[in-house]
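# Dropping a prediction and its sequence here:
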Amino acid sequence: MFYAIPLESKPTWRNPPWLTILLILINVAIFFGPQRTEEKAEARATARYLSTQLPDWELPPFVAHLEQSGHRFAKQARQALRRKDQRGELVELMRSERKFEDKLHADKVITPTDPHYADWKSQRADYERMLPPSFTRRWAMDFNEGAQVEPVTWLTSAFLHSSTSHLIGNMVFLFLFGFTVELALGRATYLGFYVIGALGASAMAMWAYGGKGSYGLGASGAIAALMAMYALIYKLRRIRFFYQFFFYFNYITAPALILLPIWMVNEVVQHVTGHTGVGYMTHLGGLLTGTLLMLLWPAARRSEPVVAPTAPPDPFHGHVERATQFSARLQFDRAATEWAAAAKLRPEDQPTLRAFFNTARLHPSSDAFHRAAKQIFRMKDAGQATVDFQHESYKVYLDQAKPSVRLKPRDMGRLVTRFARGGYMDDARRLCQALLASAPDDGATVEALTMIASCEWQTGKREQALSWLPQLQKLAPAHPVTRMLG
């Protein structure tokens, strides 16, 4: 068993991954809604079944049927038959084996010549009356022999789960990989690729498991497609991963693209050697579909016709157009360079600075990310909208900058002044304290100190204002604010 979880990226709640969150909520709602209702009714029916003589009459021939047909769960079924505490799982498996159920109903397992036929018929009818209308099996992929192929289930099965642990595991991986892919592709493309990934994974599952019994369900195939997209988005960029290989686990920093063949080989090996109910071929189908989508998508975008402008292009618009094209091709380094050039031409244009900042922060250790933040913090406009934008960018920069933030004293002082005036007093105080610790003799420190003390005094926060008095008396004893507080 091998899996790897990326630790490099963090979701931004300034631009939340709403579509990923919506997909998670849909999966959770379906599981705890109709699936859980059905599960409780089936549990009551199973308890009733186990309290009768039906297990003694039906389970031994059912296990023999699995063994004769070479079913992939035959060995586990034989082991469960020997243990009464596992017979409930065997009953659930029997409900999913349509071929055996058909033989039961045709009186080919318990025949009319059997001495207990009448009792069996009566107890079986009582049990079946307790079974709820099928929801999970109706919308899951049917791998039973002779089952009719229903393409709609290739998609609906991706929103069903067999247990709470199955749901939680898939939703964790959906969030970890989904929010990054959603940010990179945009919501519309992300949703389309997620659906195609689910269909591709289901197609591979039907090819690998069709006719071999049981049902297929779970979001893991679509999530595997997201994992492949993630690897191809970051390519050779070194990403920090947590990984587990059987009982050994550790952290590793490696190019994201290297993990793609490792994931693929792992699924093939697990399929060949594994004996569990995990659909490894479903995962492989998702990985292959996600890879194909990412390889074809930039080519498709490049093939779109480009209309030549009738007038000499504005250099600014040229940079914006090229930045947009590079982002569509997932060439984020080149896109950041173009956004930087556009921002240089219009240093006060918020949409341009925002695009530069959001593109550059996909590589939080790059110089482009630090330059974008610095340009935002040095905007001349002092209106509230600009201050709000600076504060929003500051929070993201503080959270994601690698290896740490790069702020000069004058930038820190400017932000203290802006934040204090704009109402972000907590961040203004923390910045001022950092400024006092790193550059106490800088002129920006005195300016920031007097500004925050004055703002707190004027807004009625007298105790907070007075807490700055010792530093003011030391650095600016003759300043009017110092004399006011003293």
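Alright, I've got the coordinates.
# burial measure for the nearest residue to residue 62 once chain neighbours are set aside, as a count.
Ranked by Cβ to Cβ, 6 or more residues apart in numbering and with sequence neighbours excluded, the top spatial neighbour of residue 62 is residue 94, at 5.1 Å. Backbone N, C-alpha and C define where each C-beta goes, glycine included. By other Cβ atoms under 10 Å, the residues close to residue 94 number 20.
# give the contact list for residue 94.
58-59, 62, 100-101 (Cβ atoms under 8 Å, 6 or more residues apart in numbering).
# where does the residue nearest in space to the middle of the chain sit relative to residue 356, distance-wise?
The centre of the chain sits closest to residue 175, judged by Cα atoms, centre = their mean, with a distance of 2.0 Å. Separation of residue 175 from residue 356 (Cβ to Cβ, to the nearest Å): 27 Å.
# Over to residue 430. Which of the three states is it?
helix (DSSP: H, G, I helix; E, B strand; the rest coil).
# burial count for the residue lying closest to residue 366 once chain neighbours are set aside?
With Cβ to Cβ, 6+ apart as the criterion, residue 366 has its nearest non-adjacent residue at 6.2 Å, and that residue is residue 360. Applying other Cβ under 10 Å, we find 24 residues neighbouring residue 360.
# Give the buried residues for stretch 164-181.
Buried residues in stretch 164-181, counted by 16 or more other Cβ atoms under 10 Å: 166-167, 169-171, 173-181.
# Next step: the residues you listed restricted to helices.
Using DSSP state H, 166-167, 169-171, 173-181 are the members of the buried residues of stretch 164-181 that sit in helices.
# With pLDDT added, can I get the residues you listed in JSON lines?
Shown next, in JSON lines, are those (pLDDT from 0 to 100):
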{"residue": "166", "pLDDT": "89"}
{"residue": "167", "pLDDT": "92"}
{"residue": "169", "pLDDT": "87"}
{"residue": "170", "pLDDT": "88"}
{"residue": "171", "pLDDT": "92"}
{"residue": "173", "pLDDT": "85"}
{"residue": "174", "pLDDT": "90"}
{"residue": "175", "pLDDT": "88"}
{"residue": "176", "pLDDT": "82"}
{"residue": "177", "pLDDT": "84"}
{"residue": "178", "pLDDT": "87"}
{"residue": "179", "pLDDT": "82"}
{"residue": "180", "pLDDT": "82"}
{"residue": "181", "pLDDT": "86"}
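# quick one: which two of those residues are the most distant?
The largest separation in those, counting by Cβ to Cβ, is between 166 and 180 at 23.1 Å.
# which residues does the residue nearest to residue 170 when sequence neighbours are not counted contact?
With sequence-adjacent residues excluded and distances taken as Cβ to Cβ, 6+ apart, residue 170 is closest to residue 219, at 4.6 Å. Residues near residue 219 by Cβ under 8 Å, 6+ apart: 27, 158-159, 161, 170-171, 174, 198.
# how close does residue 219 get to residue 38?
18 Å.
# isn't residue 139 right up against residue 153?
Yes - between residue 139 and residue 153 there is a contact at 5.9 Å, judged by Cβ atoms under 8 Å.
# Start from the N-terminal end of this structure and give the strands.
Secondary structure of the chain, counting by DSSP state E: strands at 2-6, 141-142, 215-216, 238-245, 248-255.
# And residue 381, how far from residue 350?
9 Å.
# er, residue 41 I mean
Residue 41 is 56 Å from residue 350, where distance means Cβ to Cβ.
# Residue 97 and residue 73: what is the separation?
Taken as Cβ to Cβ, the span from residue 97 to residue 73 is 9 Å.
# Need the overlap of contacts for these two.
Joint contacts of residue 97 and residue 73 (Cβ under 8 Å, 6+ apart) are 66, 213-214.
# any chance of the contacts of residue 219 in a markdown table, plus distance to residue 391?
Output for those, formatted as a markdown table (distance: Cβ to Cβ, whole Å):
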| residue | distance to residue 391 |
| --- | --- |
| 27 | 35 |
| 158 | 40 |
| 159 | 39 |
| 161 | 41 |
| 170 | 36 |
| 171 | 32 |
| 174 | 31 |
| 198 | 40 |
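# now, among those residues, which is nearest to residue 188?
Looking across those and measuring by Cβ to Cβ, the closest to residue 188 is residue 198, at 16.4 Å.
# Hmm, residue 154 and that closest one touching each other?
Yes - using Cβ under 8 Å, residue 198 makes contact with residue 154 at a distance of 7.2 Å.
# quick one: which of those two has more around it?
Higher neighbour count among residue 198 and residue 154: residue 198, with 27 against 20, using other Cβ under 10 Å.
# residues contacting that one?
Residues near residue 198 by Cβ under 8 Å, 6+ apart: 154-155, 158, 219, 221-222, 225, 286.
# swap the cut-off to 6 Å and go again
155, 158, 221-222 (Cβ atoms under 6 Å, 6 or more residues apart in numbering).
# ok, which pair from the contacts of residue 94 is furthest apart?
The widest separation within those (Cβ to Cβ) is 13.3 Å, between 59 and 101.
# Could you check which of those two has the larger neighbour count?
Shown here are residue 59 and residue 101; by other Cβ under 10 Å, residue 59 has more neighbours (19 against 16).
# Now do the contacts for that one.
Residue 59 touches 81, 90, counting by Cβ under 6 Å, 6+ apart.
# so how far is residue 345 from it?
Distance, residue 59 to residue 345, using Cβ to Cβ: 77 Å.
# what's the answer for residue 378, then?
Taking Cβ to Cβ, one finds residue 378 at 15 Å from residue 345.
# Please apply the same query to residue 231.
From residue 231 to residue 345 the distance is 35 Å (Cβ to Cβ).
# Then residue 71?
Residue 71 is 68 Å from residue 345, by Cβ to Cβ.
# Likewise for residue 186?
Distance, residue 186 to residue 345, by Cβ to Cβ: 25 Å.
# Equivalent analysis for residue 255, please.
In terms of Cβ to Cβ, residue 255 sits 35 Å off from residue 345.
# now do residue 414
Per Cβ to Cβ, residue 414 is found 22 Å from residue 345.
# neighbour-wise, which of those two wins?
Taking neighbours as other Cβ under 10 Å, residue 414 and residue 345 compare with residue 414 leading, 21 against 15.
# Leaving out the residues flanking it, which one is nearest to the more buried one?
That would be residue 377: by Cβ to Cβ, 6+ apart, it lies 6.6 Å from residue 414.
# Pull up the gap between the one you found and residue 132, please.
Residue 377 sits 60 Å away from residue 132, going by Cβ to Cβ.
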